[in-house]
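Participant: no FASTA, just this:
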């Protein structure tokens, strides 16, 4: 390539100018090179030095190419409200003011591990005629609340996976309540002469509960309780090495009542500090009446629905697009020593709509189930049930929504999980009394929603370890 010098411009100044530009480029490269990189199943976080406080969000497709998108980011504050962290449209990468993120993570500096940031995405996924075809997705990334304020630049990279065929979904819920934020702006997309602005408006709050019991493993026995000698449940969560444990929510995006995808990539808390966070078990001998026996953690959960609105030349005052997003979130409560507040409890009203039995009512009435059978000793663990549901081969336990109000998308689930199998697990076990071991087998029915969730880069089913146990005559 030929470089043309201006007439009368000395060559030494050209060389000096090039050298100074190179020096600035080298300085910028060194100054912004990531000092810490954190990888998770569906995102990457980079912390670096820079000029100014910047939150960068990069969105790419499966091949790594940049995507044209609008994104809205918010965080779930300890008091239950949702804090707007920022929104903008762009291609590939957008730059946001980092100060709202710094303010958000201040609330979580005392928790171990990382805290999640929920991301609403509207992005271009091909064309329909001469108009861009838009797709919607809800996902998240998690940041270290101690590292984030110390760094000038936080860069989150999210990779989008292509979607499969849409599935049918019930979308007949009623809409009435309000809960901040009442509106989540997405921004505007301008392409090929089309100018479209979007926002999500809060449509309905199904439920918000704080400091409540959330079961990881539970057994329920109804009519056959007198035949069982022992009921046993256990949960164990440990982080060691470079591993982590995640607490995640899920979201369902629908268009005019037809599901266009489910996501379980909504992280609220991820634990990376090495310790045993939860270790408990409960055993019940000779149950005297119907019961739910459970172990788990105290936490908060929330379930809300948003509806998307478009503002454009054809809808200057806003038109509903027909898209809805149901978002279900959960997080644990931590004690002063950094462990999770845990419980082991028995609910002796297993058929009502209160306490631990509520989780079983949702699962039994609206989820699919699988069964396991043995002659007198039934043993199920979290790895077994996830494998049998054709899920990803990791520790993962799904938890249905314990409804108090009319049921929305009953396929939604929240869960906890870990990549390494041997450091976290949950167990449910039932043993028949001696008098019935020669005549009856024990059956365990465990539940899974009839939908494939996107977890990381995989589409998988998420099984629960909520187990209904009963007996049947031996073959």
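Facilitator: Sure, I can see it. Bear in mind the structure is a predicted one, so any value in this text is a computation, not a measurement.
Participant: C-alpha from now on. contacts and neighbour counts both.
Facilitator: Noted.
Participant: Look at residue 472 and say how many residues are nearby.
Facilitator: 13 (other C-alpha atoms under 10 Å).
Participant: can you pull the contacts of it?
Facilitator: Contacts here follow C-alpha atoms under 8 Å, 6 or more residues apart in numbering; on that basis residue 472 touches 440, 441, 442, 443.
Participant: From residue 225, how far out is it?
Facilitator: From residue 472 over to residue 225 the distance is 13 Å, taken as C-alpha to C-alpha, to the nearest Å.
Participant: so what strands line up beside the strand or helix carrying residue 326?
Facilitator: Element membership for residue 326, per DSSP states H and E: strand 319-332. When pairs are called by DSSP bridges, strand 319-332 turns out to pair with strand 245-255 (antiparallel), strand 291-312 (antiparallel).
Participant: Let me have those strands in TSV, adding mean pLDDT, distance to residue 146 and mean neighbour count as columns.
Facilitator: What follows is the strands paired with strand 319-332, written out as TSV (pLDDT from 0 to 100; distance: least, C-alpha to C-alpha, whole Å; neighbours: other C-alpha atoms under 10 Å):
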stretch	mean pLDDT	distance to residue 146	mean neighbour count
strand 245-255	88	18	25
strand 291-312	88	22	22
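Participant: which element follows the strand holding residue 326 toward the C-terminus?
Facilitator: Along the chain past strand 319-332, the next helix or strand (assigned with DSSP H and E) turns out to be strand 342-347.
Participant: Isn't residue 48 up against residue 150?
Facilitator: No. With contact defined as C-alpha atoms under 8 Å, residue 48 and residue 150 do not form a contacting pair (9.3 Å).
Participant: neighbour count winner among these two?
Facilitator: Taking other C-alpha under 10 Å, residue 48 and residue 150 do not tie; residue 48 has more neighbours (19 against 13).
Participant: Tell me what that one is bridged to.
Facilitator: Listed by DSSP bridges, the beta-bridge partners for residue 48 are residue 153.
Participant: How is residue 106 assigned, secondary-structure-wise?
Facilitator: The three-state label for residue 106, taken from DSSP: H, G, I helix; E, B strand; the rest coil, comes out as helix.
Participant: go on, the one 10 residues further on?
Facilitator: In the three-state summary, residue 116 is assigned as strand, counting by three-state DSSP.
Participant: Distance-wise, check it relative to residue 141.
Facilitator: Looking at residue 116 against residue 141, where the rule is C-alpha to C-alpha, the gap reads 6 Å.
Participant: what do those two both touch?
Facilitator: Contact with both residue 116 and residue 141 is made by residues 266, 267, according to C-alpha under 8 Å, 6+ apart.
Participant: neighbour count winner among those two?
Facilitator: Just comparing residue 116 and residue 141: by other C-alpha under 10 Å the higher neighbour count belongs to residue 141, 27 against 24.
Participant: could you say what helices and strands the strand or helix carrying the more buried one packs with?
Facilitator: In the assignment (DSSP H and E), residue 141 maps to strand 131-143. Where contact means 3 or more C-alpha pairs under 8 Å, 6 or more residues apart in numbering; DSSP states H and E, strand 131-143 is packed against strand 43-48, strand 114-128, strand 245-255, strand 258-271.
Participant: what do you get if the cut-off is 7 Å, keeping everything else the same?
Facilitator: Packed against strand 131-143, as judged by 3 or more C-alpha pairs under 7 Å, 6 or more residues apart in numbering; DSSP states H and E, are the following elements: strand 114-128, strand 258-271.
Participant: For those, which has the smallest mean pLDDT value?
Facilitator: Among the helices and strands packed on strand 131-143, strand 114-128 has the lowest mean pLDDT, at a mean of 82.
Participant: relative to strand 319-332, how tilted is it?
Facilitator: Direction vectors for strand 114-128 and strand 319-332, defined by axes from the mean of the first three to the mean of the last three C-alpha atoms, to 10 degrees, enclose an angle of 150 degrees.
Participant: Give the buried residues for strand 114-128.
Facilitator: 114, 115, 116, 117, 118, 119, 120, 121, 122, 123, 124, 125 (16 or more other C-alpha atoms under 10 Å).
Participant: Equivalent analysis for stretch 432-451, please.
Facilitator: Along stretch 432-451, these residues count as buried under the neighbour rule (16+ other C-alpha under 10 Å): 432-433, 436-437, 440-451.
Participant: Looking at these, which are in strands?
Facilitator: With strands identified by DSSP state E, the entries of the buried residues of stretch 432-451 that belong to them are 432, 440, 441, 442, 443, 444, 445, 446, 447, 448.
Participant: how about those in a markdown table, adding pLDDT and distance to residue 246?
Facilitator: Converted to a markdown table, those look like this (pLDDT from 0 to 100; distance: C-alpha to C-alpha, whole Å):
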| residue | pLDDT | distance to residue 246 |
| --- | --- | --- |
| 432 | 95 | 35 |
| 440 | 93 | 39 |
| 441 | 94 | 36 |
| 442 | 94 | 33 |
| 443 | 95 | 31 |
| 444 | 93 | 27 |
| 445 | 93 | 26 |
| 446 | 92 | 22 |
| 447 | 91 | 21 |
| 448 | 88 | 19 |
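Participant: what's the span of stretch 271-279, first residue to last?
Facilitator: With C-alpha to C-alpha applied, stretch 271-279 spans 15 Å between its terminal residues.
Participant: how about that stretch: buried residues?
Facilitator: 271, 272, 273, 276, 277, 278, 279.
Participant: contact partners of that stretch?
Facilitator: Stretch 271-279 has contacts (C-alpha atoms under 7 Å, 6 or more residues apart in numbering) with 112-114, 235-241, 243-246, 339-340, 342.
Participant: Could I have the ChimeraX command that selects the buried members from those residues?
Facilitator: Selecting the buried subset of the contacts of stretch 271-279 in ChimeraX, with 16+ other C-alpha under 10 Å as the burial test, is done by:
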select :112,113,114,235,236,237,238,239,244,245,246,339,340,342
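Participant: mind checking how far stretch 154-163 is from the chain centre?
Facilitator: 14 Å (C-alpha atoms, centre = their mean, to the nearest Å).
Participant: Low-confidence ranges, the stretch 351-475 of the chain, go.
Facilitator: The stretch 351-475 of the chain contains residues with pLDDT under 70 at 391-395, 404-410, 419-423, 456-457.
Participant: which residue is nearest the centroid of this structure?
Facilitator: Nearest to the mean C-alpha position of the chain, counting by C-alpha atoms, centre = their mean, stands residue 266 at 2.4 Å.
Participant: Could you check how far that residue is from residue 332?
Facilitator: Computed with C-alpha to C-alpha, the distance linking residue 266 and residue 332 is 14 Å.
Participant: Strands of the stretch 51-200 of the chain, start to end?
Facilitator: Read by DSSP state E, counting those that start in this stretch, the stretch 51-200 of the chain holds these strands, from start to end of the chain: 54-60, 68-76, 82-91, 93-97, 114-128, 131-143, 153-159, 167-168, 183-191, 194-221.
Participant: which other helices and strands contact the longest one?
Facilitator: Taking 3+ C-alpha pairs under 7 Å, 6+ apart as the contact definition, the neighbouring helices and strands of strand 194-221 are strand 183-191, strand 228-239, strand 291-312, strand 424-432, strand 466-473.
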